[in-house]
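S.K.: sharing a model that was predicted from the sequence below.
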Amino acid sequence: MCFVILTTSQHESLKSKQKHVAIFVFGDSVFDPGNNNFLNISVTQGKANFPPYGETFFHYPTRRFCDGRKIPDFTASFAGLPLWRPYLDSANHNWLVGANFASGGACVLVENNPYTLNLPIQPGFFKEVVNLLTQQLGESDTKKLLREAIYISSLGGVDHMTFASSSSNVTESEMQEYVNIVIGNITKATMEIYKLGGRKFAFQIVGPLGCVPKTKAEFNSTGECVEFLQILATMHNNALAKVAEELEIRLSGFKHLMFDFFTSLMDRANNPEKYGFKVGDNACCGGGAYHAQTACGWLTEEYELCSDPSKFVFWDALHPTEYCYSQLAQLLWNGTGNVTWPLNMKQLYDLDIDAEIPSQDIDLISDA
């Protein structure tokens, strides 16, 4: 992997800018810019490096699970940063803008999918970037960059869909126990990033897992959302919000937002015309029931492709279209308190964090 080494003039130019906020992205296929293409895995294990993926904006497959850009791409543009390239891409990287570690199929719990960049791996890559930044900028400027940066994540959905596929007749207490394990691991990773200098965290909660075309086709033929998955997602989202609130109380300088991806996407799926779509249940690309039973793309000839993805909420069996993502990204960036709280991403971006880590916070992290 090659790295960009800044000249003195480039470094000084960065320091003279009025506002620069790096973004570091952690997540699964909802955020993946193509990292999976650099893994030694098969297409069926999680790649989108074939047509018609990417056709709307890029006009070629960029290895994103979408017809174009995703939420991290739009928020990067809002922040004045370039569109994301995969962290694993061997081309030159400018770590001053941040990095995107997300990986399609990534899980919080490694055993649910050992083939992708799961949660334990992604913070490890972030630590490597921190070391490179320290070499380039020095310790003081690196601390400032990390303190002002935003750490956005979208994780847990694959874990819960795996749990649903492999479990039957589970009790509510068993579901809650599983959710607690997932959230515990997300909490641990969050505190690792905090210990390295992160302060501003944007948590995108899990989407309406029971209402996406794939799960409706797999679990329920009536057209209704799959209640079991909806309950599981809600449990996860409530627990994550509670943990984020607790961390903000416990950790000096810790600030966060929660983005309601669940309600925002579900409302578009249930009321497509309200948001400028025509179809909210079927995917634009795929085959079978809800266009979700056969894969989108060259893996099979038995798929259909809509003529205008912007009229569909979902691009494939699991992922929204670029047009849907663009609406959701606007909500995340400057939405009101009913969709992103206690701050939106623009407010988090503008927030200045000056606090260093007090010694008692280090102790809290070590004891956790």
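M.R.: Sure thing, it's come through.

S.K.: how about the spatially most central residue of the chain, phi and psi?
M.R.: With distances taken as Cα atoms, centre = their mean, Ser154 lies nearest the centre of the chain, 3.3 Å away. Main-chain torsions, Ser154, degrees, to the nearest 10: phi -150, psi 100.

S.K.: if it is in a bridge, with which residues?
M.R.: Beta bridges link Ser154 to Gly27 when assigned by DSSP bridges.

S.K.: ok, it to Ala189 distance?
M.R.: 13 Å (Cβ to Cβ, to the nearest Å). Quick note: C-beta positions are derived from backbone N, CA and C, even for glycine.

S.K.: common neighbours of these two, please.
M.R.: Common contacts of Ser154 and Ala189, defined by Cβ atoms under 8 Å, 6 or more residues apart in numbering, comprise Phe26.

S.K.: help me confirm that Phe50 comes into contact with Arg63.
M.R.: No: in this structure Phe50 lies outside contact range of Arg63 using Cβ atoms under 8 Å: 9.2 Å.

S.K.: looking at these two, which is more packed in?
M.R.: More neighbours surround Arg63 than the other of Phe50 and Arg63, with 20 against 15 (other Cβ atoms under 10 Å).

S.K.: which non-adjacent residue is nearest that one?
M.R.: Leaving aside its chain neighbours, Arg63 sits nearest to Gly34 (2.9 Å; criterion: Cβ to Cβ, 6 or more residues apart in numbering).

S.K.: ok, that neighbour - contacts?
M.R.: Applying Cβ under 8 Å, 6+ apart, the residues near Gly34 are 48-49, 62-64, 85-86, 89.

S.K.: which one of those residues has the most neighbours?
M.R.: Arg64 leads those on contacts (other Cβ under 10 Å) with 31 neighbours.

S.K.: ok, back up a step: the residue nearest to the centre of the chain touches Asp32, doesn't it?
M.R.: No: the pair formed by Ser154 and Asp32 falls short of the contact definition of Cβ under 8 Å, at 9.7 Å.

S.K.: pLDDT weak spots in the stretch 251-368 of the chain?
M.R.: 298-301, 355-368 (pLDDT under 70).

S.K.: show me where it has strands.
M.R.: Using DSSP state E, counting those that start in this stretch, the strands of the stretch 251-368 of the chain run over 255-259, 279-283, 285-286, 304-305, 312-314, 340-341.

S.K.: distance to Asp354 and mean neighbour count for those - can I get that in JSON lines?
M.R.: Formatted as JSON lines, the strands of the stretch 251-368 of the chain follow (distance: least, Cβ to Cβ, whole Å; neighbours: other Cβ atoms under 10 Å):
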{"stretch": "strand 255-259", "distance to Asp354": "12", "mean neighbour count": "21"}
{"stretch": "strand 279-283", "distance to Asp354": "45", "mean neighbour count": "22"}
{"stretch": "strand 285-286", "distance to Asp354": "47", "mean neighbour count": "28"}
{"stretch": "strand 304-305", "distance to Asp354": "51", "mean neighbour count": "16"}
{"stretch": "strand 312-314", "distance to Asp354": "42", "mean neighbour count": "29"}
{"stretch": "strand 340-341", "distance to Asp354": "23", "mean neighbour count": "20"}
